[in-house]
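Novice: Fold the following and give me the result.
(2 chains, ligands or ions: 1)
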Amino acid sequence: MKKKALIEVYRQDSKGDEGYFKEYPLVIDDSMSVYDVLWKIRSEVDTSLALPYFRCRKGICASCLMRINGVQRLACRIPVRDALSEDGTIRIAPPKGRPVLKDLVTGWGEHDGV
Amino acid sequence: MEYEIIRGFDVIIIGMGAAGLRAAIASHDAGARTAILTMGDNSPTQCGATTTAEYSYSAPLGIADPRDNEDVFLDDINKSGLSVNNPELSSLLAKQAGPRLLEMHSWGVRFDTESDGTLQQHWLAGHSYPRAVHFDYATGREMARGLHKHAVAKGIEVLPYRFAIDLIVEDRTVSGVLVLNIAKDRLEVITAGAVVLATGGASGIWDLNSNPPGIDGDGMAMALRAGVELVDMEMQQFFPACLVSPPSMRGTNFPFFSRGMLLNSKGEAFLENYGLREGKDVRDVLAIAICKEIEAGRGTENGGVLVDFSQTPSETLEELTKNSKIRYLCDLGFKPLEDQMEIAPSAHFTMGGILIGPGAETAVSGLYACGEVSGGCHGANRLAGNALTETQVFGNIAGAKAAEHGRCNPQRDSEPCVNPVDALIGTVFARRGSGDIQDAIDDAKRVRVIMDQNAKVIRDEYLLKTAGRRLADLGRKEFSFDVPSGNEAFDYRKIEALKLRNMILVAKAVVASALRRDETRGAHYRQDCPLRKGEWDYCNVAVKLDCASGEVATYVRQRGNR
Ligand SMILES: Cc1cc2nc3c(=O)[nH]c(=O)nc-3n(C[C@H](O)[C@H](O)[C@H](O)COP(=O)(O)OP(=O)(O)OC[C@H]3O[C@@H](n4cnc5c(N)ncnc54)[C@H](O)[C@@H]3O)c2cc1C
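Specialist: Below you'll find the predicted structure:
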């Protein structure tokens, strides 16, 4: 089903910078995964959004681990209809405990090789 | 032109899948200072197709059936390779499959066991005996985890977020690699005495493919440009069943089809009409039958056929509900075991690749290749499980040989020759074409569509020539990419754009090879030459790049009946 949604996406320019949320109002198919929504934003709305490039397509690699409305989830494993809050928003932030390298791309702490 | 030089490695491994990890371990163990360079992060979670490999590593351990051994395994490989496979490489695969597995197991890579602690082995199509060793339906992920842990504990360095653009080659000797460091948005030259290509296959040049993003034949393109030949590029495996719908699931492979019935859009079972039995046949014949059924107009609107589990015994279904991928689909709101899912064959594994010898060596001194990027050991069709085996057998060989070469190559700490590096950078960046990054990304999509429409499972001269023409048109376009300035870190669109020239080159290699082999054999099906021809027995199509024209040329290599 097509739905109006407000996607709030965490943005951060580089490691150590202040982060902020950017809003993307969209009309989307609510059966899409949250991960696919992010890709849609990056390819069609805002090409400056940095996302993890890798994906396993089967919900096991955890490259897309994110905080979705405050809950740590795999973005590829949760459909929009389950993620939408009552007011029609989805807030997407990096996972806890992983340093942000840029936007939603996160490293592995001291040893993230950057 | 500006780039940072990173020195001091004897051996650089490009790619951190199972092949790259194994090569790094072998190289390190042979005393070489070794680093792995990868496009992904430095964790074991982004290890190419390896991370996504589901079920099996083939090893003739003889646990499940004591009649199994290396010779029977080799026989099976030869049967499915249909004389396209190089017997020398296949025999290494068969012989070393077991020892490499047990070594890996001793390092902490886990495999499912029977209650008495022995390794569990299951039967898969094309194998005479049960020899699939597995772990929790995520065998590749477990191999990546365990091998990565072992490698890092040994002190092997991982250089993440690096996209390899090209090899630096002079006088037919490799001295390093030019990379885009995506985390810094800077070019780097990493020098080494030897380089191992382990960048995986080329399935990403087809639109409907089962691989994770980024597996687009980069290593094959780099090798071609370095003067190395590819072999068997017409031999591409199409996995019989990948979801074609809903759009967000396109390309997710659906191996469970063999537990159900395949139905056409009229609800009729059709495999028998092609002389096949449900659940028993190998991939090449299944993919061809399904595509024929779709071409005959009995496919669904989305170009697929249906998987139906209504006749499947309830115990089987119960077992399937525990499967991690079935659970994943359920989480997303699908009912994969109740609704009929739409599937079609999708590009899955590249049997062809870089021409190597038994030491994983290429024609360029110091350059080695292993894993899916190399060609030769599978021939016309790869048996299930043999790809993960290939990564370990040939990763081990390549790493050891590269170490031997790299350690005594005095070139490793010298300045990279400025000319080839500048020339290389000049061919990729700062040209004045009309296309920008977005145009290149769009063209990459076009390459994939061309390959799906004209060079997929069902091929003929007309389709292939059309593909060739359309690829040539795309190849003529000039782009202007700025030299990375350091201001656009983690802009992965740059990688997608840089891949375009690789994709076009590898797609041309596939099309030219498929045109050359005017017969049907294994995965290569020519509807205009539907029979196998004796004159092609023990023959391989090789591809080289003509540097002057920039075009690929094919020739036939004859091995003689061995
Ligand atoms: C869905 C799926 C299921 C499968 N299941 C099985 C199975 O059950 N059994 C089996 O035997 N085989 C299976 N296969 C095949 C098998 O997984 C692969 O053939 C094998 O993992 C390839 O390993 P590799 O190390 O050669 O390459 P990959 O694992 O693909 O690794 C390639 C590496 O190179 C890196 N890379 C690529 N290009 C560049 C570049 N330009 N610069 C820097 N880095 C680069 C990638 O980031 C990655 O780290 C499966 C494949 C898929 C897609």
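
Novice: At the geometric centre of the chain, which residue sits there?
Specialist: Using chain A. In chain A, the centroid-proximal residue (Cα atoms, centre = their mean) is A:Ile92; its distance is 4.8 Å.

Novice: try chain B instead
Specialist: Chain B, centroid-nearest residue using Cα atoms, centre = their mean: B:Gly201 at 2.1 Å.

Novice: Over to that one. Which of the three states is it?
Specialist: Three-state assignment for B:Gly201 (DSSP: H, G, I helix; E, B strand; the rest coil): coil.

Novice: ok, now B:Leu180?
Specialist: Of the three states, B:Leu180 takes strand under three-state DSSP.

Novice: Which residues does it form beta bridges with?
Specialist: Beta-bridge pairing for B:Leu180 (DSSP bridges): B:Phe163, B:Leu187.

Novice: For chain B, give me the ranges with low pLDDT.
Specialist: Residues of chain B that meet the criterion pLDDT under 70 lie in B:1, B:278-280, B:410-414, B:560-562.

Novice: Would you state the helices of it in chain order?
Specialist: With DSSP state H as the criterion, chain B has helices at B:18-29, B:48-52, B:70-81, B:87-106, B:139-153, B:218-225, B:283-293, B:314-321, B:324-331, B:386-407, B:418-428, B:437-454, B:461-475, B:493-516.

Novice: and the second one, C-alpha only, in CSV?
Specialist: This means helix B:48-52. Taking Å, rounded to 0.1, in the frame of the first residue of the first chain, the C-alpha atoms of helix B:48-52 are listed here in CSV:
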residue,chain,number,x,y,z
GLY,B,48,31.7,-10.4,-0.9
ALA,B,49,29.7,-13.4,-2.2
THR,B,50,31.4,-15.4,0.6
THR,B,51,29.2,-13.7,3.3
THR,B,52,26.1,-14.7,1.4
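
Novice: elements contacting it?
Specialist: For helix B:48-52, the elements it packs on are helix B:139-153, judged by 3 or more Cβ pairs under 8 Å, 6 or more residues apart in numbering or on different chains; DSSP states H and E. The way it works is simple: take the backbone N, C-alpha and C, and place the C-beta from them, glycine included.

Novice: Enumerate every residue touching the closest residue to A:Gln72 other than its chain neighbours.
Specialist: Spatial nearest neighbour of A:Gln72, excluding adjacent residues (Cβ to Cβ, 6 or more residues apart in numbering or on different chains): A:Pro95 at 5.6 Å. Residues near A:Pro95 by Cβ atoms under 8 Å, 6 or more residues apart in numbering or on different chains: A:65-67, A:72, A:106.

Novice: go again using 10 Å as the cut-off
Specialist: Residues near A:Pro95 by Cβ atoms under 10 Å, 6 or more residues apart in numbering or on different chains: A:62, A:64-68, A:72-75, A:104, A:106.

Novice: same deal with B:Met351?
Specialist: B:81, B:84-85, B:201, B:231-237, B:284, B:372, B:375-382, B:387, B:522-524.

Novice: Ok, B:Val109 next?
Specialist: Per Cβ under 10 Å, 6+ apart, neighbours of B:Val109: B:18, B:57, B:101, B:103, B:135, B:139, B:142-147, B:149-150, B:392.

Novice: give me that answer again for 7 Å
Specialist: Shown in contact with B:Val109 (Cβ atoms under 7 Å, 6 or more residues apart in numbering or on different chains): B:142-143, B:146-147.

Novice: Now render the helices of chain B as a markdown table, adding mean neighbour count.
Specialist: A markdown table is the format used below for the helices of chain B (neighbours: other Cβ atoms under 10 Å in any protein chain shown):
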| stretch | mean neighbour count |
| --- | --- |
| helix B:18-29 | 31 |
| helix B:48-52 | 28 |
| helix B:70-81 | 20 |
| helix B:87-106 | 20 |
| helix B:139-153 | 22 |
| helix B:218-225 | 27 |
| helix B:283-293 | 23 |
| helix B:314-321 | 12 |
| helix B:324-331 | 18 |
| helix B:386-407 | 28 |
| helix B:418-428 | 15 |
| helix B:437-454 | 19 |
| helix B:461-475 | 17 |
| helix B:493-516 | 24 |
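
Novice: looking at those, which is closest to the ligand?
Specialist: In terms of Cβ to the nearest ligand atom, the element of the helices of chain B nearest to the ligand is helix B:48-52, at 2.4 Å.

Novice: And the ligand, is that closest one touching that?
Specialist: Yes. Helix B:48-52 lies within reach of the ligand by Cβ under 6 Å from any ligand atom, at B:48-50, B:52.

Novice: near the ligand, which residues of the stretch 51-200 of chain B show up?
Specialist: Residues of the stretch 51-200 of chain B lying near the ligand by Cβ under 6 Å from any ligand atom: B:52-56, B:139-140, B:162-164, B:198-200.

Novice: just checking, B:Leu263 touches B:Ala269?
Specialist: Yes. Between B:Leu263 and B:Ala269 there is a contact at 5.9 Å, judged by Cβ atoms under 7 Å.

Novice: check contacts around B:Phe254.
Specialist: Contact analysis of B:Phe254 by Cβ under 7 Å, 6+ apart lists B:241-243, B:307, B:341, B:343.

Novice: Let's see that with 6 Å instead.
Specialist: B:Phe254 sits next to B:241, B:243, B:343 when contact means Cβ atoms under 6 Å, 6 or more residues apart in numbering or on different chains.

Novice: Pick out whichever of these sits closest to chain A.
Specialist: Closest approach between these and chain A, by Cβ to the nearest Cβ: B:Leu243, at 9.6 Å.
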